[in-house]
Each structure stands twice: as C-alpha cells, then as structure tokens.
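S.K.: Let me see the structure of the following:
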Amino acid sequence: MQDIAVIEDPAAAEASLDPIRTRILRELVLPASATQLAVRVGLPRQKVNYHLKALERHGLVELVEERRKGNVTERVLQAAAASYLISPSALAAVSPDPGRFADRFSAFWLLALAGRMVQEVGKLITGAAAARQKLATFAIDGDITFRTAADRAAFAEELGVEVTRLVDKYHDGGGSPCGRRHRLVVALHPALKETNASTATNETAGKEQDK
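M.R.: Numbering: from 1, shown residues only. As a prediction, this is how the structure comes out:
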C-alpha cells in the first residue's frame, strides 16, 4: 500500500468521489472482505460488492487474498493507498496552466504551481515505484508570524534574493550529461484562521490537561 496515490484518470476520480466509495476506501486501509465491510458501513453485502468492483476496476483497491469457505470463495481487498489526491490531469481541459499567470504575487499562480506539483510528483512516484527506486525530493513546512505587512514584504524580498543566489551557485548551465533538472517552488501564504469550533476544542483540551 502506498502512503498517497495520485489519481490521474477522470473515471477513477469520479469513482473515488462517491461518498460511499470514499467511506469504503477509508475502511480498507486494513484488508477486509465485502461481508466485513458491509458490517462496518451498514450496507447490504451486495451493494458493498457493487462499489468494490467499481473501485477495483479503477485500481483504487487491490486483491490481497482469496479465502475458500466451503463452496464460497471470499475475496479480501485493501485500498491501494492510505490517502488519495486527484491530479489536475483528471481535468486536463480546464486544469490551470502556470504559464498563464507567471506573477509571483498572484494567488492563482501559486495554485497553478501547486497543481503542477501534484501532477508531476504523482507521475514521478509512479515511475520510481515501477523502477523500484527512491525518489529524491525535499520540502520545508513551517509557520512565521509577521508584525506588519512591511515585514512580510521585506522577508519575501530577502528570501527571493537568497534563493536566486543559491540557484546561481548550484545551477549547471553547461548542460552536463550527468545533470538532472529539478523543479524549485517556494511558497508563502497566510495561514487559515482557526474556526470557533477548533478554538473551543483546543481550549477544552487545555483545561483537561490543567486538571
């Protein structure tokens, strides 16, 4: 089972978005038969079987084993991945093109870049898995609080200068036959504000810890 699978086929994307099938995929993080799943999701086994066949047809679930019980063969299935992402290629005709925006201060360009990253890294993971090789990637995720908009702008300017310096230092412009081109994306955006519900949950958890 993969940690994350990227869905590129439009039909597979459509199949995965059905609420019942989404529930089944979540339940199939651990292998189960249609009979076992029917109990978990509260549906007739025949209906669960129908959804399982659709998911299996699109490669979203995989056969783990077959168990013989008298005259009946029980099929045990598992989700192909623990989590799924739908690639922009599943909506190829309307997927965002980073070349259309090309403005480092545009939120739409940021989304287009993120979409391209999902699409490209998904293909790379598939290729690396087929070749039984590790995929060399690197990411940083963190939070930073700015006192003012001016501080945020100054940070962005300094970050851009420093990244450009590093690119100039390590980029092989000579076209070495051993070189491998890499994508570099640096993003900065406001963090989502906590909702009242999540804030209340955090406060309750804090009070419980104080007891």
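S.K.: The residue most central in space within the chain: what secondary structure?
M.R.: In the chain, the centroid-proximal residue (C-alpha atoms, centre = their mean) is residue 85; its distance is 4.0 Å. Secondary structure, DSSP: H, G, I helix; E, B strand; the rest coil: residue 85 is strand.
S.K.: I figured it hits residue 2, correct?
M.R.: No - assessed by C-beta atoms under 8 Å, residue 85 is found out of contact with residue 2, at 11.1 Å. For every residue, glycine as well, the C-beta is placed using N, CA and C.
S.K.: Flag every buried residue along the longest helix anywhere in the chain.
M.R.: Across the chain, the longest stretch assigned as helix under DSSP state H is helix 107-130. Neighbour counts over helix 107-130 (16 or more other C-beta atoms under 10 Å) mark 109-110, 112-119, 121-122, 125 as buried.
S.K.: For those, which two are the farthest from each other?
M.R.: 109 and 125 (24.2 Å; C-beta to C-beta).
S.K.: quick revisit: identify the residues contacting the residue nearest to the centre of the chain.
M.R.: For residue 85, the contacting residues are 4, 5, 6, 7, 118, 122, by C-beta atoms under 8 Å, 6 or more residues apart in numbering.
S.K.: Kindly report the same for residue 57.
M.R.: Contacts of residue 57 by C-beta under 8 Å, 6+ apart are residue 15.
S.K.: Could I get the phi/psi values of it?
M.R.: Reported as degrees, to the nearest 10, the phi and psi values for residue 57 are phi -60, psi -30.
S.K.: Can you name the residues that contact the closest residue in space to residue 112 that isn't next to it in sequence?
M.R.: Spatial nearest neighbour of residue 112, chain neighbours left out: residue 96 (3.8 Å); criterion: C-beta to C-beta, 6 or more residues apart in numbering. Shown in contact with residue 96 (C-beta under 8 Å, 6+ apart): 88, 108, 111, 112, 115, 116.
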